[in-house]
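Peer 1: I would like to see how this sequence folds:
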Amino acid sequence: MQKTLQINEYTHLKESKIHNKGVFASKFIKKGTKLIEYTGELISKEEGTRRSTQSHSEHKKDTSKGGVYIFDIDEEHDLDGDVENNYAKYINHSCEPNCEFDGSGKKIWVNALRDILKDEELSINYGFVWDEKDYHEHVCKCGSVKCVGYILDEDDWPTLKTHLKKKKK
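Peer 2: Sure, this is the predicted structure:
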């Protein structure tokens, strides 16, 4: 029997086929619904950069651990979501997401991009920016029909495809 943790009226946490744990719909969710706040520690940009570098380095050593949970808030602040009760950090990446992040002030919410069925896993495109040196370190396991194989912002998919074609030759 799979262990689940109810997060709120809309969501629960359980084992994911994509990666480790995931957040799932506890009931049918209508498009546009504000589902869960992405919470964390408000930190300086400098501290955010330091923690991102450290987390990325640790993830390289052990890919079973989550990656970087730091969000850009404004010119002075980042939000480190790697805190105990931030269940939104367990929303996995997908190349065909059903949710998106929506920032307002110093708060970040997860909203439904489309209707989501009960027991469907919530997913977000993490929006990683193309970097030829380390894109391959972020393998995507979403399994969607649109999956490009790597965790990248959709705007960077053409660059990835061009790069992979050149690499194949």
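
Peer 1: isn't there a helix covering Lys166?
Peer 2: Yes - judged by DSSP: H, G, I helix; E, B strand; the rest coil, Lys166 forms part of a helix.

Peer 1: Mind giving me the packing neighbours of the lowest-mean-pLDDT helix or strand in the chain?
Peer 2: The weakest-scoring helix or strand in the chain, judged by mean pLDDT, DSSP states H and E, is helix 45-61 (a mean of 84). Packing contacts for helix 45-61, counted by 3 or more Cβ pairs under 8 Å, 6 or more residues apart in numbering; DSSP states H and E, involve strand 70-72, strand 77-80. In short, each C-beta sits where N, CA and C put it, glycine included.

Peer 1: number of nearby residues for Thr53?
Peer 2: 11 (other Cβ atoms under 10 Å).

Peer 1: returning to what we had before: and the least confident helix or strand of the chain, what's buried?
Peer 2: 48, 51-52, 55, 59 (16 or more other Cβ atoms under 10 Å).

Peer 1: Can you give the distance of it from its chain's centre?
Peer 2: With Cα atoms, centre = their mean, to the nearest Å as the basis, helix 45-61 stands 16 Å off its chain's centre.

Peer 1: which outside residues touch it?
Peer 2: 43, 65-70, 72, 75-78, 80, 82, 137 (Cβ atoms under 8 Å, 6 or more residues apart in numbering).

Peer 1: Can I have the buried ones of the residues you listed as a PyMOL selection?
Peer 2: Listed next is the PyMOL selection for buried residues among the contacts of helix 45-61, using 16+ other Cβ under 10 Å:
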select buried, resi 43+66+67+68+69+70+78+80
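
Peer 1: so is the residue lying closest to Asp153 once chain neighbours are set aside in a helix, a strand, or just coil?
Peer 2: Nearest non-adjacent residue to Asp153, counting by Cβ to Cβ, 6 or more residues apart in numbering: Gly127, 4.2 Å away. Judged by three-state DSSP, the three-state class of Gly127 is coil.

Peer 1: State the number of residues packed around Gly127.
Peer 2: By other Cβ under 10 Å, neighbour count at Gly127 equals 15.

Peer 1: my guess is it meets Asp156, correct?
Peer 2: No - with contact defined as Cβ atoms under 8 Å, Gly127 does not reach Asp156; the gap is 9.0 Å.

Peer 1: where in this protein is pLDDT low?
Peer 2: 1-2, 59-60, 62-66 (pLDDT under 70).

Peer 1: repeat that for 80
Peer 2: Counting by pLDDT under 80, the chain contains low-confidence residues at 1-2, 56-68, 169.

Peer 1: where exactly do the strands run in it?
Peer 2: Counting by DSSP state E, the chain has strands at residues 5-6, 11-15, 21-25, 34-38, 41-44, 70-72, 77-80, 92-93, 99-104, 107-112, 123-124.
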